[in-house]
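Novice: Prediction below, plus the sequence it came from.
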Amino acid sequence: HGTLGLLVAGLFFFMLTVPCAHAFRAIWGTKKEVQNQDNSENAYRNAYSKNYSGPIEPKKLEVIKVWDKSNVEEIKDMLPPSMYLRVKDWGLVLHEIEHIPYEHADQLSEASKKYAGQNAQMDDSGELSSYVAGIPFLTIDPNDPQAGLKLEHNQDRRYMGDTFWMWNDFFITDASGGQRKLGNTYSRFMFVGRVMDDPKPAFPEKENPRKLRFGEFAGVTYPFELSGFNTLQLSYIDRTHEDDYWIYLPSIRRTRRMSTAQRYDTFAGTDLCYEDFYMFNGFVSQHTYKFIGKKTMLLSLHQMYWAPQKKEQLQFSPIIVERIPVYIVEQYPKDSKHIYSKRVQYFAEPLMQVTYQEMYDRKGEMWKSQHWMWMLDRNREGFPYLNTPEIIDYQTPHATLWGCRHEGYVEGMDQSFFTLENIRNLAR
């Protein structure tokens with residue numbers, strides 16, 4: 001969510017507080033620092049829980065067809081335009097497998113059905129007015145004039161667990177194959193929309209006086225000199241209330257508040273802005289939507305552990321794809337100063353979430369694509385583990401690739417973790 005954008009933004013502030021040479025060494029890291037990254041990671045891991053999920057092992061999946069530039073014309077209509085371009089001109093290889101059916105965890109399905117009437121109510125602005133828990137719209141009618149809006153609410157209320165934690169390695173890659181590396185840890189805690197753990201479906205008001213939807217934390221684990229850089233996002237039940245963002249900067253030992261108006265900005269050489277993380281990190285009512293249609297497409301839902309990284313190609317390759325039903329939606333920002341003129345989003349029907357999207361600049365030309373590749377394994381909540389997301393800038397060209405090394409449910413995490421005091425304490 002927005003915490004990734006904050007991480008990147010904070011790197012910019014960090015570079016302003018130290019000499020340039022020192023800052024660039026901090027961003028790139030030395031060989032020794034990267035080798036010793038586990039020292040700082042262990043400190044964060046101990047702060048979370050002893051019950052982390054551990055490394056995710058590869059799964060062997062039978063490939064039934066290999067698609068590359070020699071035969072990609074056969075499947076052109078089944079690929080997003082940018083993916084077709086990457087197969088045709090960038091050397092991307094697709095390994096097709098048989099479709100693996102996906103079902104939501106029983107608790108999530110039950111909550112979605114139980115609260116369907118309340119979840120689906122919208123106010124005049126288009127925001128959900130009485131959401132309780134689960135997926136707001138389990139079925140989508142392609143003939144519904146609000147189909148695009150309803151799909152976006154499914155994305156906004158995506159469920160990853162009542163508590164969720166992951167460990168990431170980021171590879172910021174340029175056209176020559178050069179890379180900068182950054183490690184981070186991420187967690188989310190739900191105050192409402194809970195389906196697994198008590199209190200369900202939400203904390204009572206006396207235990208949630210701030211009236212939060214969720215709290216999100218992210219911290220840098222390497223390079224060494226950035227270890228301790230932490231961010232906190234607080235999102236509110238009232239969607240007219242802007243989210244609060246905080247950054248702890250270890251270089252000056254201070255916490256800084258950031259304006260949510262900066263969520264359109266990009267920072268420090270990455271390819272992400274705030275609204276890009278988790279495909280969409282904005283407010284549903286601040287955009288309009290055009291439903292394009294539904295069709296079968298080849299996209300990734302069941303990737304093996306880490307897709308091979310082809311940094312000279314600015315992408316992971318090969319990637320595992322399967323034929324899945326997809327809803328296509330065009331999203332248009334109401335803000336004339338927005339960096340994008342539109343997004344084209346591809347919602348995987350099994351997940352009811354965006355698994356691929358393309359972003360267009362203010363001139364209407366394709367600028368970026370973003371692909372979230374999931375794993376065969378499920379977490380405790382029945383949600384697929386995230387694997388190897390990528391966001392690619394076609395105009396530079398440039399890419400930010402990352403892999404998720406650990407993720408899952410964290411026992412014992414509570415709301416005290418998501419405070420300003422804690423993001424300072426974890427840096428010490």
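Specialist: Yes, it's here.
Novice: For the rest of this, base every contact and every neighbour count on C-alpha atoms.
Specialist: Fine.
Novice: which SSE is the residue nearest the centre of the chain in?
Specialist: The chain has residue 278 as the residue nearest its centroid, 2.5 Å off, counting by CA atoms, centre = their mean. Counting by DSSP states H and E, there is no helix or strand that carries residue 278.
Novice: same thing with residue 421?
Specialist: Residue 421 belongs to helix 420-425 when assigned by DSSP H and E.
Novice: tell me which residues in that helix are buried?
Specialist: Residues of helix 420-425 classed as buried: 420, 423, 424 (neighbour count, 16 or more other CA atoms under 10 Å).
Novice: so the second one touches residue 249, yeah?
Specialist: No - distance between residue 423 and residue 249: 9.9 Å, which falls outside the contact criterion (CA atoms under 8 Å).
Novice: Return every residue with contacts to both of those two.
Specialist: Jointly contacting residue 423 and residue 249 under the rule CA atoms under 8 Å, 6 or more residues apart in numbering are residue 230.
Novice: Verify the stated contact: residue 342 with residue 359.
Specialist: Yes - assessed by CA under 8 Å, residue 342 is found in contact with residue 359 at 6.1 Å.
Novice: Excluding chain neighbours, what is closest to residue 258?
Specialist: Distances taken as CA to CA, 6 or more residues apart in numbering place residue 245 nearest to residue 258, at 5.4 Å, with adjacent residues excluded.
Novice: Report how many residues lie close to the one you found.
Specialist: Close neighbours of residue 245, defined as other CA atoms under 10 Å, add up to 19.
Novice: so how far is residue 426 from it?
Specialist: According to CA to CA, to the nearest Å, residue 245 stands 17 Å off from residue 426.
Novice: Over to residue 356?
Specialist: Computed as CA to CA, the residue 356 to residue 426 distance reads 34 Å.
Novice: and those two? which has more neighbours close in?
Specialist: Applying other CA under 10 Å to residue 356 and residue 426 shows that residue 356 carries more neighbours, namely 24 against 17.
Novice: Specify the local secondary structure of the more buried one.
Specialist: The assignment at residue 356 comes out as strand when based on DSSP: H, G, I helix; E, B strand; the rest coil.
Novice: from memory it sits against residue 328, does it?
Specialist: No - at 9.9 Å, residue 356 and residue 328 do not qualify as touching, with contact defined as CA under 8 Å.
Novice: which neighbours do those two share?
Specialist: With contacts taken as CA under 8 Å, 6+ apart, residue 356 and residue 328 have 345, 346, 347 as neighbours in common.
Novice: Just the endpoints, please. Distance across stretch 293-307?
Specialist: 30 Å.
Novice: ditto for stretch 165-183
Specialist: Using CA to CA, the two ends of stretch 165-183 sit 14 Å apart.
Novice: Just checking the distance from that stretch to the centre of its chain.
Specialist: Relative to its chain's centre, stretch 165-183 lies at 15 Å (CA atoms, centre = their mean, to the nearest Å).
Novice: Pull out the buried residues from it.
Specialist: 165-174, 179-183.
Novice: next one: stretch 100-120
Specialist: Neighbour counts over stretch 100-120 (16+ other CA under 10 Å) mark 105, 108, 110, 111, 112, 113, 115, 116, 118, 119, 120 as buried.
Novice: next SSE after the helix or strand the second one falls within?
Specialist: Right, residue 108. Using DSSP H and E, residue 108 sits within helix 106-114. Remark: after helix 106-114, the chain's next helix or strand is helix 116-119, criterion DSSP H and E.
Novice: Kindly export that following helix (C-alpha atoms) in CSV.
Specialist: Taking Å, rounded to 0.1, in the frame of the first residue of the first chain, the C-alpha atoms of helix 116-119 are listed here in CSV:
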residue,chain,number,x,y,z
ALA,A,116,-23.3,-8.6,1.3
GLY,A,117,-26.2,-6.1,1.8
GLN,A,118,-24.3,-3.8,4.0
ASN,A,119,-21.0,-4.0,2.1
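Novice: I'd like the next helix or strand past it.
Specialist: Trace forward from helix 116-119 with DSSP H and E and the next one is helix 147-156.
Novice: Does the spatially closest residue to residue 320 that is not a sequence neighbour belong to a helix, a strand or coil?
Specialist: Spatial nearest neighbour of residue 320, chain neighbours left out: residue 95 (4.7 Å); criterion: CA to CA, 6+ apart. Look at residue 95: counting by three-state DSSP, its state is strand.
Novice: mean confidence score for stretch 332-345?
Specialist: If you average the pLDDT over stretch 332-345, you get 94.
Novice: Go through that stretch and flag the buried ones.
Specialist: In terms of neighbour count (16+ other CA under 10 Å), stretch 332-345 has its buried residues at 332, 333, 339, 340, 341, 342, 343, 344, 345.
Novice: Show the contacting residues for the second one.
Specialist: Going back to what we said before, that points to residue 333. 286, 287, 288, 340, 341, 342.
Novice: Now intersect these with the strands, please.
Specialist: Using DSSP state E, the members of these that fall in strands are 287, 288, 342.
Novice: Now do the contacts for the last one.
Specialist: Translated: residue 342. 330, 331, 332, 333, 359, 360, 361, 364.
Novice: Distance of the fourth one relative to residue 135?
Specialist: When CA to CA is applied, the distance between residue 333 and residue 135 equals 24 Å.
Novice: thought residue 316 was touching residue 371?
Specialist: No - with contact defined as CA under 8 Å, residue 316 does not reach residue 371; the gap is 10.2 Å.
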